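*Asks:* Build me a structure from this.
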Amino acid sequence: MTKPLKVLSYRPGVIANGTAFEAMALIYKYLQNNYGWEFTIMMDDRDTFEDSELNIITIPYDARAVINRTSFLKKPLLFKKQILNKYKDKFDFILGCDPTVYNQGMQAAVLSRSWDIPLAFDSSLTLMGQANSINWRLKRKQVVKALEQSSIIWLTAPKAAERFRDLGLSKEQISKQFVILGHPVDTDLFSPAEVKKKQSKEKVILCVARLVMEKGVHYIIEAVAPIMKMDDNVKLKIIGSGESKKFLENMVKDEGLEDQIEFLDPIPHHELPALYRKADLFVGHPVSTSKWEEYFGVVNVEAMASGLPVVSSNSGGITHLAREKEVAILVNERDIISTTNAIELLLYDEDKYQEIKRKGREYVLRQYSLPVIAEKYRKYIEAAME
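*Replies:* Have a look, this model is predicted:
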């Protein structure tokens, strides 16, 4: 490359702090700091994303709003004035979100064609069975055009590629753009605590999740309950908020475990490493529904990087996330007994605990550390620019 790239990430309405996008932003900042690239985030005036290390452009929501149940702009002239014409010749490359899910992806394709610059999409959805919906049939032709125009389609897991096949989008002109990437983790920030003798016999299990049914926290409570009733040194800290919180609190009360299970409000992402270092074990249990499954599960990678053995269900993309032997323990969804057994094994078998702790951290360093993911990202974008 003869000059640093200027890259636009077009994400109005598809961006927020505390989401998986912050993992993607790590790549942007790495490439800025190490190669002088310049990343600009385009969001709209309804979004609240903040990051002092990235350029952020805020456009009017009306400039990208679409007619209900279609991908057609409500105000195409405003889109042209506020976005297409205003930022022409400002960027060398554009990043868009999955056009099979978001109309903003098709808008990114329009900008790419008009500005004559390469385009890449990112896609994490793994759920099948949407090919027959009316909405999909109405927009399929436009989506195909956008995907065929792209140079790269980043996927978090192989199952995301299978979803494209389910939608009838696996012909070579599209599938040749697929690249399995995954989400990076800052392994310097998310690192194990210094080894020192614990003053307390307390064993802390950590769960970080939205408190909604599909995150399966109720199965975690049921799995730890028999362990806690035998060992009052075992504690569970649940970090999150959501519509199921009262239901979960009632479960804890019914089990008589109010002194051992604690609910804590969500905290800023940069405060999570300290939380991981104070815990002994990380447990998650997302469960697939007709409308959702776990696409990746970046908290598992962060926990593994922090030296915490992980117990999780095998929902969605998690089986790819932990695809090497003994880097984590995965159980079938809704299998309470297997979850209990896995937690007991790691709480009371010190050799197994240390083995999975070590292998989990080493695995993340090889597969998901920021330099590994960001350098792969850079290589593909530079190739698309040639």
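*Asks:* Doesn't Ser312 belong to a helix?
*Replies:* No. Under DSSP: H, G, I helix; E, B strand; the rest coil, Ser312 sits outside any helix and is assigned strand.
*Asks:* looking at it, it is touching Asn300, isn't it?
*Replies:* Yes. If you go by CB atoms under 8 Å, Ser312 and Asn300 touch, sitting 5.7 Å apart. The C-beta positions use only the backbone N, C-alpha and C, and glycine is treated the same way.
*Asks:* joint contacts of the two?
*Replies:* Gly284, Ile318, Ala322, Ala328 (CB atoms under 8 Å, 6 or more residues apart in numbering).
*Asks:* Okay, and which of those residues map to helices?
*Replies:* Mapping those onto helices (DSSP state H) picks out Ile318.
*Asks:* from the shared contacts of Ser312 and Asn300, which single one is nearest Glu202?
*Replies:* Checking those against Glu202 with CB to CB, the nearest one is Gly284 at 20.8 Å.
*Asks:* correct me, but the closest one touches Glu302?
*Replies:* No. If you go by CB under 8 Å, Gly284 and Glu302 don't touch, sitting 11.2 Å apart.
*Asks:* Mind putting the shared contacts of Ser312 and Asn300 into JSON lines with neighbour count?
*Replies:* Below are the shared contacts of Ser312 and Asn300 laid out as JSON lines (neighbours: other CB atoms under 10 Å):
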{"residue": "Gly284", "neighbour count": "25"}
{"residue": "Ile318", "neighbour count": "25"}
{"residue": "Ala322", "neighbour count": "23"}
{"residue": "Ala328", "neighbour count": "26"}
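*Asks:* Widest-spaced pair of the shared contacts of Ser312 and Asn300?
*Replies:* Pairwise distances across the shared contacts of Ser312 and Asn300 (CB to CB) peak at 11.1 Å, for the pair Gly284 and Ala322.
*Asks:* In which helix or strand does Lys145 reside?
*Replies:* Secondary structure from DSSP states H and E places Lys145 in helix 134-149.
*Asks:* and after that helix, which helix or strand comes next?
*Replies:* strand 152-155.
*Asks:* who touches that following strand?
*Replies:* For strand 152-155, contacts defined as CB under 8 Å, 6+ apart pick out 120-124, 147, 161, 174, 177-181, 377, 380-381, 384.
*Asks:* Just to be sure, which of these are found in helices?
*Replies:* Applying DSSP H to the contacts of strand 152-155, the entries found in helices are Leu147, Ala161, Ile174, Tyr377, Tyr380, Ile381, Ala384.
*Asks:* ok, so of those residues, who is nearest Met106?
*Replies:* Leu147 (9.8 Å).
*Asks:* now the strands: where do they sit in the stretch 151-300 of the chain?
*Replies:* Per DSSP state E, counting those that start in this stretch, the stretch 151-300 of the chain carries strands over the ranges 152-155, 178-180, 203-208, 234-239, 261-264, 281-283.
*Asks:* re the thing from before, which residues in the helix holding Lys145 does the neighbour count mark as buried?
*Replies:* Lys139, Gln142, Val143, Val144, Ala146, Leu147, Gln149 (16 or more other CB atoms under 10 Å).
*Asks:* And stretch 247-254, by the same measure?
*Replies:* Buried, per 16+ other CB under 10 Å, within stretch 247-254: Leu248, Glu249, Met251, Val252.
*Asks:* Export those residues to TSV and append columns for pLDDT and distance to Met213.
*Replies:* Conversion of these to TSV gives the following (pLDDT from 0 to 100; distance: CB to CB, whole Å):
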residue	pLDDT	distance to Met213
Leu248	98	10
Glu249	98	15
Met251	98	12
Val252	98	16
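*Asks:* Go ahead and name everything in contact with the lengthiest helix in the chain.
*Replies:* Of all segments of type helix in the chain, defined using DSSP H, the longest is helix 350-367. The contact list for helix 350-367, computed with CB under 8 Å, 6+ apart, reads 182, 185, 187, 192, 301, 304-310, 322, 324, 326-329, 345-347, 372.
*Asks:* can you do 7 Å?
*Replies:* Defining contact as CB atoms under 7 Å, 6 or more residues apart in numbering, one finds that helix 350-367 is touched by 185, 187, 192, 301, 304-305, 307, 309-310, 324, 326-329, 345-346.
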